[in-house]
Every structure is written in structure tokens, then in C-alpha cells.
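Chemist: Could you work out the structure for the sequence below:
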Amino acid sequence: MKRLYWYVLKTFLGPFVMTFFICVFILLMQFLWKYVDDLVGKGLDWNILAELLFYAAFGLLPFAFPLSMLLASIMTFGELGENYELVAMKSSGISLFRIMRPLLVVALIITGMAFFFANNVLPHTNLRFTTLLFSIRNQRPELVLKEGVFTSEIDGYSIRIGKKDSRTNTLHDILIYDHTNNKANESVTVADSGYLKMTEDKNYMVMTLYNGENFAEGASTPGQRNTNFPFRRDRFEKQVINVRVMNFDFQRRDENIYRNTYRMLNIGQLKFAEDSLLVDYKDRLKNFMLNTRYTYHLDRRISALTMENDSLLRQLEMQHHRIYDIDSLMASYQSFGAPEFVQNALYSARNNFQEINNIENNLYGRKKRINQHMMERHRKFTLSFAVLIFFFIGAPLGAIIRKGGLGMPVVVSILLFISYYIFSMTGEKSAREDVWEMMAGMWFSSLIFLPVGLWLTYKAVTDSPVMSSETYIALFKKLNLKRFFRKGTGHEYTPTDQ
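Modeler: Purely as a prediction, here's the structure:
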């Protein structure tokens, strides 16, 4: 059995390592597509980009573990089934579950590694990644000129070009407004062509212009009744302008700014933050309930409900219900007192309505922040547990379809992972918006796919024809016969009627 176990392990580890790096690469390409606008045109060094991609790759590992486990399991057992090795093992009296046993141990080890990584390594990786990404986003881009569009990236200047030669980087039909003296359009430069480039230290921008004119307005002459503005016009064949630029060097932000964000915390820190945020949320909700004015008896009942440690008071107040007859109550007032009563009621209702609208957004934001911490804590378990779920789906499914390689297994894996992702996002959104309980929302996809995996494992162990079309055709015919004879045809169905 040891040789068999080693053979199954050797067959599995190769596809797992290969698919793991393929999954990381594909997810990393998705990351680049998402953040390409934040990285282009910033003049970043290659080591900064490599560091960002390194942190991004580590942040994608929790998603790569389940997908690679699913794909590798299908490939391994599909190849064993395609080469009739599973048939030989079963004919020797070895059940499929015993064949899966060494890989089950590997799946448990990878599940533990995924949980350890998500709880201990991923928070630090997210902190470094977020800090570096925001530092890059705040980095001022190098001057990127577009045809027919004014660019104001250089302090004190507004530049427009008519055409740009991508082969020689020559700019044509250049228009420059000088606002360095905080005066609009005081100095204007027009040139037929030119070049713009940054110095190596990125402290100056050199503008070399050809065949142009400078237009400048001078200061007015003080003390004169009719104010005159001198005007100056100069022609040039070549002009070089050195412009001082600021904040073009890369500056890292302080990591302590994002250290307490929910994605940078482990389970213990998340639980502590949840308790603190929940206490603050309840205090604010309690103060809002106590400060809102209703009727006397309703105020007493609301006050009793806020007393969490006094169950007797809450029970006594809830037992006394009063139903008011508004018509009788209004008739008991004199004619001159009724309008004042109505006005006071309207005034209180409007004040309460305004107060509720003001506090609603504040409480909603705080509750959403609490939900984010709870979701992140559950996600560390669900993504790790997904590795085990996908093993119980991939291994029996590979034994059933009996196809190895990267053809059918890749298609099946993508469809299953997309389905899992859709169910997961549905549950997370419902939990985040308090439509479902947090436990039900975050574990929704696991509760659906775990029975599917156990069912597939049972079918594969018992050699049930799950993927056989003849089985479903026979079942369909049988259902049609039952439906036909349920309506009544004048005789009962017997096997001789076929």
C-alpha cells in the first residue's frame, strides 16, 4: 500500500504545483487589468513594480489554493481513470476511498497551511500592499500629453499640443499658458514644434521649442486716468525653458495609517475590534432611542428596553399595553385646545423624522464597518475550508469523467469555481447588508458545495453511472410513464406493456 500511496502522491503533486502557479498567474493578470490605470505613466522604477506584484501575488494565494486543488484533483483521478489504473486498483480489492486517503491527508495539510497563511501572513501582506498601492496612487504622473487636450500636471503651466509624432516624440502646434505669477493668460507661448523631457533627477522639465512667439502683458502704469497695459511680442527660432517641478519623486506612506484596517488584522484582533465597535454602536443606538421623544408611556417602554441588565423591568413594561382611541381623545379636549394638540404632535413627529434621518446614515456606516470585520474573520475559515470541499468535488469527479490533461478538467474546474464564486458573493452581499445572518451568508457557498462533494464521493465509490446519458434518459422515460398513467388511461402499467 505504501508504494500505491507514493504513486498517487507523485501523480498528484506535479499537477498541483503546475496548476497552482498557473492560477496565481491568471489571478495576477486580473489584478494588473484592474489597477493598470494606477500604474501607467507614473515613472516608477522596476523594483517598486516588482514589489507591488509580489505583494499582490501573495494576496491572491487564498483564492489560488482552492482552485488549484480542484483542478489538480480532477486531473489526477481523471488520468488514473483514463489509463484504466483505477479499474486495476479496484479489481485488486482497493476501494476508491482508500486510493483517496493519501491525498485527503495532503488536502488537510494544505487546508491548515491556507488557514495559517490567511491568519498570520496575509494581514502583513495586505498592509504592505495597501500602503504601497496608495503611495503609487498619490505619486504625480510624468507629463503625458494628449493631442488637443490641455494638461495642467506642471505647477503654474497649462500645455496643449495639436499633434504628437509617436516615432520621433516630436510635438507640433504647441500652446503654453504661463500662470506662475498667479495671473491668468498673462504670458502665452506658441511654437510650431518642440520636445519635452524630464531630467534624470526628475526635478526639472526641459522644454525645447522651435519657430514660435512669446506674448506677454506688462503691468499697468499707476496714477493715470486711462489705464494702459503694455504688450510685448517676441519671435524666436529656438527657445529652451527649464521648469522646476515638485513632488515627482516616489514617497512611501506611513504603514500605521492602514494598520487598523480590517484586512490587516488576524482573528484575535478582528474579534477585539468587533467587540469595541459593537459596544460603541449599541451606546449610540441607546442614546438615540432615549433622546427621541414620543408619548409618556412609549418613552417608558423604550427606556425599559434599553436596560439590558434589568429583565424584570422590561417584562413589566411589555405587559402593559394601551390602545388609544384618537377620536375619543380629541373629543375630550375643548375646541380651542385641539388645534394646539395637533400642532404639538406634528412638531414632535417632524423633529423625530429629521433626527431619524440624521442618525440613520451614521448608524448604517458603523454597522457596515462591524459587518466588514465579521466577514473578514469568517472569510479566513471559508477560503481555507474551500480547499477541502474542492478536493471532495474534484477527486470523485475526475474518477467519474475519466479524462486527464488540461482539456475537460479545466472546463469543469472553471465552471465549478465560477459557480462557487457566485454563491459566495451572493451570501457575502446578503450578510453585509444584514439580509441574512452573518454565519449563513458567509458559509452559504460551503453549505451548498459540501453536500455536492459528499454526493459525488458516494457516487464514485459505489461506481454509480452519474455521467452516463442512458441513466438520465431511462429516468426521464420512467417519469413520463408515471405522469401518463397518473392521468388515467383505462389500464394499469405492467412490464408486458413495453
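
Chemist: Every contact and neighbour count from this point should use C-alpha atoms.
Modeler: Noted.

Chemist: all helices of the stretch 301-450 of the chain, in order?
Modeler: Using DSSP state H, counting those that start in this stretch, the helices of the stretch 301-450 of the chain run over 311-319, 326-332, 338-401, 408-432, 438-442, 444-461.

Chemist: which of the residues in the last one are buried?
Modeler: By neighbour count on 16 or more other C-alpha atoms under 10 Å, the buried set for helix 444-461 is 444-446, 449-450, 452-453, 456-461.

Chemist: Between those, which sits nearest Val121?
Modeler: Distance to Val121 across the buried residues of helix 444-461 (C-alpha to C-alpha) is lowest for Ser446, with 23.6 Å.

Chemist: so Asp173, which of the three states?
Modeler: Classification of Asp173 by DSSP: H, G, I helix; E, B strand; the rest coil places it in strand.

Chemist: surely it meets Ile159?
Modeler: No: judged on C-alpha atoms under 8 Å, Asp173 makes no contact with Ile159 at a distance of 10.7 Å.

Chemist: So for Val190, what's the nearest residue that isn't a sequence neighbour?
Modeler: In this structure, Val190 finds its nearest non-sequential neighbour in Leu175, 4.8 Å apart by C-alpha to C-alpha, 6 or more residues apart in numbering.

Chemist: Does the one you found touch Val188 like I think?
Modeler: Yes: assessed by C-alpha under 8 Å, Leu175 is found in contact with Val188 at 7.4 Å.

Chemist: so how far is stretch 149-161 from its chain's centroid?
Modeler: 35 Å (C-alpha atoms, centre = their mean, to the nearest Å).

Chemist: Please identify the buried residues of that stretch?
Modeler: 150-151, 153-154, 156-161.

Chemist: Turn these into CSV, columns for secondary structure, distance to Asn47 and pLDDT.
Modeler: Shown next, in CSV, are the buried residues of stretch 149-161 (DSSP: H, G, I helix; E, B strand; the rest coil; distance: C-alpha to C-alpha, whole Å; pLDDT from 0 to 100):
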residue, secondary structure, distance to Asn47, pLDDT
Phe150, coil, 32, 80
Thr151, strand, 29, 76
Glu153, coil, 25, 66
Ile154, coil, 26, 69
Gly156, coil, 32, 72
Tyr157, strand, 31, 78
Ser158, strand, 32, 82
Ile159, strand, 31, 84
Arg160, strand, 33, 85
Ile161, strand, 33, 86
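
Chemist: and the helix or strand hosting Phe116 with helix 444-461, angle?
Modeler: Secondary-structure assignment from DSSP states H and E places Phe116 in helix 96-116. Using axes from the mean of the first three to the mean of the last three C-alpha atoms, to 10 degrees, the direction of helix 96-116 lies 160 degrees away from that of helix 444-461.

Chemist: Now the element after helix 96-116, going C-ward?
Modeler: helix 122-137.

Chemist: ok, and what's touching that next one?
Modeler: 38-39, 42, 52, 55-56, 58-59, 250-255, 258-259, 263-266 (C-alpha atoms under 8 Å, 6 or more residues apart in numbering).

Chemist: Weed out the non-buried ones from the residues you listed.
Modeler: The buried subset of the contacts of helix 122-137 - by 16+ other C-alpha under 10 Å - is 38-39, 42, 52, 55-56, 58-59, 250, 253, 258-259, 263-266.

Chemist: which ones among these are found in helices?
Modeler: In helices, judged by DSSP state H, the following of those are found: 38-39, 52, 55-56, 58-59.

Chemist: Return the item of these having minimum pLDDT.
Modeler: For these, the weakest pLDDT value sits at Asp38, with 66.

Chemist: got any ranges where the stretch 201-350 of the chain has weak pLDDT?
Modeler: 201-202, 218-229, 245-251, 293-338 (pLDDT under 70).

Chemist: The nearest residue to Arg259 once chain neighbours are set aside: neighbouring residues, count only.
Modeler: Once flanking residues are discounted, Arg259 sits nearest to Leu127: 6.5 Å by C-alpha to C-alpha, 6+ apart. For Leu127, the number of neighbouring residues by other C-alpha atoms under 10 Å comes to 22.

Chemist: how much space is there between Leu127 and Asp254?
Modeler: 10 Å (C-alpha to C-alpha, to the nearest Å).

Chemist: Overlap of the contact sets of the two?
Modeler: Joint contacts of Leu127 and Asp254 (C-alpha under 8 Å, 6+ apart) do not exist.

Chemist: what's the angle between the helix holding Phe116 and helix 338-401?
Modeler: 130 degrees.

Chemist: Helix 96-116 - contacts with which helices or strands?
Modeler: Counting contacts by 3 or more C-alpha pairs under 8 Å, 6 or more residues apart in numbering; DSSP states H and E, helix 96-116 packs against helix 2-39, helix 61-82, helix 338-401, helix 444-461.

Chemist: residues in contact with that helix?
Modeler: Outside helix 96-116, the residues that reach it (C-alpha under 8 Å, 6+ apart) are 5, 8-9, 12, 62, 65, 69, 86, 90, 380-381, 383-385, 387-388, 391, 395, 460-461.

Chemist: rerun at 7 Å
Modeler: Surrounding helix 96-116, the residues in contact under the criterion C-alpha atoms under 7 Å, 6 or more residues apart in numbering are 5, 9, 62, 380-381, 384-385, 387-388, 391, 461.

Chemist: Pull out the buried positions in stretch 360-367.
Modeler: Buried residues in stretch 360-367 (16+ other C-alpha under 10 Å): 366-367.

Chemist: Now do it: distance to the chain's middle.
Modeler: With C-alpha atoms, centre = their mean, you get 21 Å for stretch 360-367.
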